[in-house]
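>>> Mind folding the following:
(3 chains)
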Amino acid sequence: MIFRRAAVVGLVLLALLLPFLLSANRFYAFILGVTYLYVLWSSGMNLLSGFTGLMPLMYAGLAGIGAYTSVNLVMKFGVSFWLAMPAGALAAAVVGVVLGLPSLRLRGFYFTLSGLVIQTALTMLFVYIPQFTGGDTGISQIPPPMISLPGDKSFALTGVWLEEALAVAALLTVYVVHRVTRSTWGKYLVAIREDDLLTEALGIGVTRYRVLAFFISSLFAGVGGAFYAHYMGFVSPRSFDVLTSMNIWLIVGFGGQGTILGPIVGTIILAPIPYIMQELYLYKDIVYGSLIVFTTIFLPRGVYGSVLFHRRNRALSRSSAQGKTEAARL
Amino acid sequence: MTLENILLNGMAVITTGLIVGAIFSLVAAGVTIMYGTIWFPNASNGQFFMLAALLMWSLVVNWGLSPFLGAVVVIVGSIPFSLVLEKFLVRPFYNVPNRNIVYFIMTLGLAQIFAGAFTGTYGRWSDQFSLPAAWPGAILLGPFPFPRTRLLVLVIALTLLAGLFVFLRLHRVGRALRAVFQNREAAILRGVDVRRIYRFSFVLAMLVITMGGVLFAMAYGFDLTMAWTMAIIGFAIMIVGGPGSVLGSVVIGMIFGFTQAVVSLFASPTLAAFSYLVVMLIILLVKPSGLFAR
Amino acid sequence: MTKLLDARGLNKSFGGVWALKDLNVDQTPGETLGMIGPNGSGKTTFINAVTGHLSLDSGEVSLGGNRITGRKPHAIAQAGLIRTYQAVRVYGQFPVIENLRVAGLPHFRRLGLSDPLDGADALLSKLKLKEKKETLAGALTLFEQRRLELAMRLISRPKLIMLDEPVGGLNPGEIREMIQLLKELRSECALFVIEHTMKVIMELADRVVVLVSGEMIANGAPAAILQDANVIRQYLGSIRVTSR
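As a prediction, the model looks like this:
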């Protein structure tokens, strides 16, 4: 138990220190920043996909809404990033619930399909309203987040400081998701994922908790989107298309849905791939696509999820011999 | 707008509507057969459609084959391809309860693979792909010229659709297919070998989609964005028409085809695609079993 | 006296086929009501409709005088009417105690309790599941799972539990035990039992409703129902009463 605590503290400290350790090498620092971003995004999606068993394909579109809202507020109205980003997150959450709510009662494949439809519609929207999105050419020279200091001065969060901010944001997201899963609401979500009919019959309002999951998950999509825009300095509709949703889902699915560490494991393994394979960037889609197919066939529980499952299974067979079973961890 | 102009535009709309509609119907029929019988929603149907078209382009433009020979090669070649896909990607999941979700996600991954592959190969060779006319020249229908190739494509497409229909209604295997779609358990009791029917449906559906791609390449030029667009359209037609209903695919396919033709006249074709999305979403939310549900 | 359950004029059709036809069923406080009928007669549809899982074409349902028609299943469960399923449903991946916790969480505050597992130990003892507290529900035998189902309902202190074939799949010894258990539970909350096994109905029910093709064809004490010529012709002729 204490070992666990220590490990967690250690990892948190490592996460906070890494930006400084890697700051000299901008290439690695950038990969680190992207990794933190995807940890944030995948943890947010995990809330929906991992705990409710649904594949939300419109996630990237919602991230786009968060991004474009924040960018417009900052660049057109001079609003501070620290106000624009939450505004973007809220916009994403509202759109997410409004568009996602009706499709929540659809079963399995139909829900996924409606997510695909909405995502495609959102991408089309991004391309065809250039006043807000710059159309296909996108928006460039997006300023980094500013911190205002006393005496009318401001400090731009760039480089190592922005990566640090991303680290903090990612850690906060993981913490929130962790708290949710430990809460009553988290238990309800897992119950809903296991057997939604039974859960409803027992007195738990399935729809309202799904909506809540949708809202929070979309909120994180928007937060990530805003950070993405101000970190990269450039956004276009291509940044937030269905492939992005699928890639984030892959990270969650490959790492292990429904677990806290799963998305982190998945992100660490998968997020750096396109950047490390710089010359082979064109083959990113082939790699990711193959991984999706591979994960579907061979690794439905993901890397970390499979580890947990086998651990539980060994415990089960060991203890049925003894006549007593170790409690399964949720 | 002179009368002649209006009539000219009208004729263009009708002919485009018919051809595009017929091709839409073919693709949607393939998608709906796959989903209705095997419960296999194929998110990469657009990629297969475009693969057929791109292969046609390679064979005709790069290798100099005649479009007719190219068509035969591609269509016949699709059969072993489908059989391999069926063996490794489809068959392992026949008895999995939630296989429609698994299949959908898997084919999304497959679509991504194809998208990447196409961008890396064909995407670097050309932006637009068009074939030389298979049957050059035009026929005059009244005072209006109608390119011969397109007329041929239209006739072939409609014949294929009719043939598909007849096959499903009258032929022993076709009827077995519909029996499995309607009630798998009952079909098993009636002695239908369900696994063979699954394999057959998959190959048949892929064949139909391939034919759609081949015909489209013969009639029109295209670019790489066609794949996702077609995938959406295929699903939209299947959902609106009713999963498993070939009749629904044909009727809705023709309607969408005409919509495409009409909208393209006044606005961007993307608007048409957008309208399909809206209709599909509405049907999904209001009557998921589609308009021609059994 | 206010009826515990009052369902009036229930109508439900599926594409032209009537599953429930102008059905009136009521249950008075303190009585155990049984429902029997051939397969497909609408028994499960009745439970689905009353507990909000299915929308009615017309009709009204009230629980203890309060109208529950059209409300969502979770709201009806919160109001004190809870049901079990024909094919047993438990959270197979959770241990028994976690199953109970999930079942107790939505209700404990409403009941003025301090903890969702308040009374869980006593419940598990009564249902002979105490030793299996930490076992995964999926590893339990069918009989144990049926008992867990009951525990998960009882922890919400319901007014009425509607049981859909509670002894389905059990062997004769287990059926005897289950009947005994249900008899003891009658003092805690009212029971509505759908069953095919006549022994259960005979021993538990104070009154029996016979449903055929969505309509009630008989209504009375179990002994009387067994003698009813109509019932014999339309239903009993085709089933076997399990021997003692």
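
>>> C-alpha only now, for contacts and for neighbours.
Will do.

>>> Quick one: name the residues of chain C near chain B.
With CA under 8 Å from any CA of the partner chain as the criterion, chain C does not come near chain B at any residue.

>>> per-domain residue ranges of chain C.
Domains of chain C are assigned by automatic domain parsing as C:1-80+C:158-244, C:90-157.

>>> Please identify which of these is closest to residue B:124.
Counting by CA to CA, residue B:124 lies closest to domain C:90-157 out of the domains of chain C; the figure is 50.4 Å.

>>> Could you pull up the mean pLDDT of the closest one?
Averaging pLDDT along domain C:90-157 gives 92.

>>> which residues in the stretch 1-150 of chain B form helices?
Taking DSSP state H, counting those that start in this stretch, the helices of the stretch 1-150 of chain B run over residues B:3-33, B:45-57, B:67-85, B:99-120, B:122-125, B:148-170.

>>> Which elements pack onto the strand or helix carrying residue A:67?
Assigned by DSSP states H and E, residue A:67 belongs to helix A:59-77. Judged by 3 or more CA pairs under 8 Å, 6 or more residues apart in numbering or on different chains; DSSP states H and E, helix A:59-77 is in contact with helix A:81-100, helix A:108-128, helix A:130-133, helix A:206-232, helix A:242-255.

>>> Of the domains of chain C, which is nearest residue A:167?
For these, proximity to residue A:167 was assessed by CA to CA; domain C:90-157 is nearest, at 33.9 Å.

>>> chain center to the closest one: distance?
Domain C:90-157 has its C-alpha centroid displaced from the chain centroid by 17 Å (CA atoms, centre = their mean, to the nearest Å).

>>> what about that domain and chain A, any contact?
Yes. For domain C:90-157 and chain A, the contact criterion (CA under 8 Å from any CA) is met by C:90-91, C:93-95, C:102-103, C:105-107, C:132, C:134-136, C:152-153.

>>> Which one (most neighbours) among those?
Within the residues of domain C:90-157 next to chain A, residue C:103 tops the neighbour count with 28 neighbours, counted by other CA atoms under 10 Å in any protein chain shown.

>>> Show the contacting residues for that one.
Counting by CA atoms under 8 Å, 6 or more residues apart in numbering or on different chains, residue C:103 makes contact with A:202-203, C:152-153, C:155-156.

>>> any idea which helix or strand carries it?
Here residue C:103, judged by DSSP H and E, is contained in helix C:96-104.

>>> right, and the helix or strand after that helix?
helix C:120-126.

>>> That following helix - contacts with which helices or strands?
So helix C:120-126, by 3+ CA pairs under 8 Å, 6+ apart, packs with helix C:142-154.

>>> now for the helix or strand that the helix it packs on is followed by, which elements pack on it?
With elements assigned by DSSP H and E, the helix or strand that comes after helix C:142-154 is strand C:160-164. Packing partners of strand C:160-164 (3+ CA pairs under 8 Å, 6+ apart): helix C:43-50, strand C:81-83, strand C:190-194.

>>> go with 7 Å
Packing partners of strand C:160-164 (3 or more CA pairs under 7 Å, 6 or more residues apart in numbering or on different chains; DSSP states H and E): strand C:81-83, strand C:190-194.

>>> and the last one, what other elements does it pack with?
In this structure, strand C:190-194 makes packing contacts with strand C:33-36, strand C:160-164, judged by 3+ CA pairs under 7 Å, 6+ apart.

>>> TSV please, covering those strands and showing mean pLDDT.
TSV is the format used below for those (pLDDT from 0 to 100):
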stretch	mean pLDDT
strand C:33-36	92
strand C:160-164	94
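
>>> which stretch among those comes nearest residue B:251?
Across those, closest to residue B:251 is strand C:160-164 (CA to CA), at 44.4 Å.

>>> can you list contacts of the closest one?
C:80-86, C:189-195 (CA atoms under 7 Å, 6 or more residues apart in numbering or on different chains).

>>> Please repeat the previous calculation with a cut-off of 8 Å.
Contacts of strand C:160-164 (CA under 8 Å, 6+ apart): C:4, C:44, C:47, C:80-86, C:153, C:189-195.

>>> Stretch B:240-248 now?
With CA under 8 Å, 6+ apart as the criterion, stretch B:240-248 contacts B:28-29, B:32-37, B:165, B:181, B:237-238, B:249, B:251-252, B:279-280, B:283-284, B:288-294.

>>> Between the two ends of that stretch, what distance do you get?
End-to-end span of stretch B:240-248 (CA to CA, to the nearest Å): 8 Å.

>>> element containing the closest residue to chain A within chain C?
Across chain C, no residue is closer to chain A than residue C:74, which sits at 3.8 Å (CA to the nearest CA). Using DSSP H and E, residue C:74 falls within helix C:73-79.

>>> residues in contact with whatever residue of the stretch 101-250 of chain A ends up closest to chain B?
At 4.8 Å from chain B, residue A:109 is the closest residue in the stretch 101-250 of chain A, using CA to the nearest CA. Contact partners of residue A:109, counting by CA under 8 Å, 6+ apart, are B:100-101, B:104.

>>> re earlier: I'd like the helices and strands packed on strand C:160-164 laid out as JSON lines, including mean neighbour count.
Below are those laid out as JSON lines (neighbours: other CA atoms under 10 Å in any protein chain shown):
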{"stretch": "strand C:81-83", "mean neighbour count": "27"}
{"stretch": "strand C:190-194", "mean neighbour count": "24"}
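
>>> Residue B:75 is in contact with residue B:206, isn't it?
No. Assessed by CA atoms under 8 Å, residue B:75 is found out of contact with residue B:206, at 9.4 Å.

>>> Which one's more surrounded, the two?
residue B:206 (27 against 21).

>>> Look at the more buried one and tell me its secondary structure.
Judged by DSSP: H, G, I helix; E, B strand; the rest coil, the three-state class of residue B:206 is helix.

>>> Report the backbone C-alpha coordinates of the helix or strand containing residue B:175 in PDB.
Using DSSP H and E, residue B:175 maps to helix B:172-182. Output in PDB follows, covering the C-alpha atoms of helix B:172-182 (Å, rounded to 0.1, in the frame of the first residue of the first chain):
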ATOM      1  CA  ARG B 172     -32.300 -20.800 -54.200                       C
ATOM      2  CA  VAL B 173     -29.100 -19.300 -52.700                       C
ATOM      3  CA  GLY B 174     -30.600 -15.800 -52.900                       C
ATOM      4  CA  ARG B 175     -33.600 -16.900 -50.900                       C
ATOM      5  CA  ALA B 176     -31.400 -18.600 -48.400                       C
ATOM      6  CA  LEU B 177     -29.600 -15.300 -47.900                       C
ATOM      7  CA  ARG B 178     -32.800 -13.500 -47.200                       C
ATOM      8  CA  ALA B 179     -33.900 -16.300 -44.900                       C
ATOM      9  CA  VAL B 180     -30.700 -15.900 -42.800                       C
ATOM     10  CA  PHE B 181     -31.200 -12.200 -42.700                       C
ATOM     11  CA  GLN B 182     -34.700 -12.500 -41.500                       C
END
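
>>> Just want the angle from it to helix B:3-33.
Put simply, helix B:172-182 runs at 80 degrees to helix B:3-33, going by axes from the mean of the first three to the mean of the last three CA atoms, to 10 degrees.

>>> in helix B:172-182, what counts as buried?
Neighbour-count burial for helix B:172-182 flags B:173-174, B:176-181 (criterion: 16 or more other CA atoms under 10 Å in any protein chain shown).

>>> Just the mean pLDDT for it, thanks.
The model assigns helix B:172-182 a mean pLDDT of 79.

>>> Please apply the same query to stretch A:207-222.
Mean predicted lDDT for stretch A:207-222 stands at 91.
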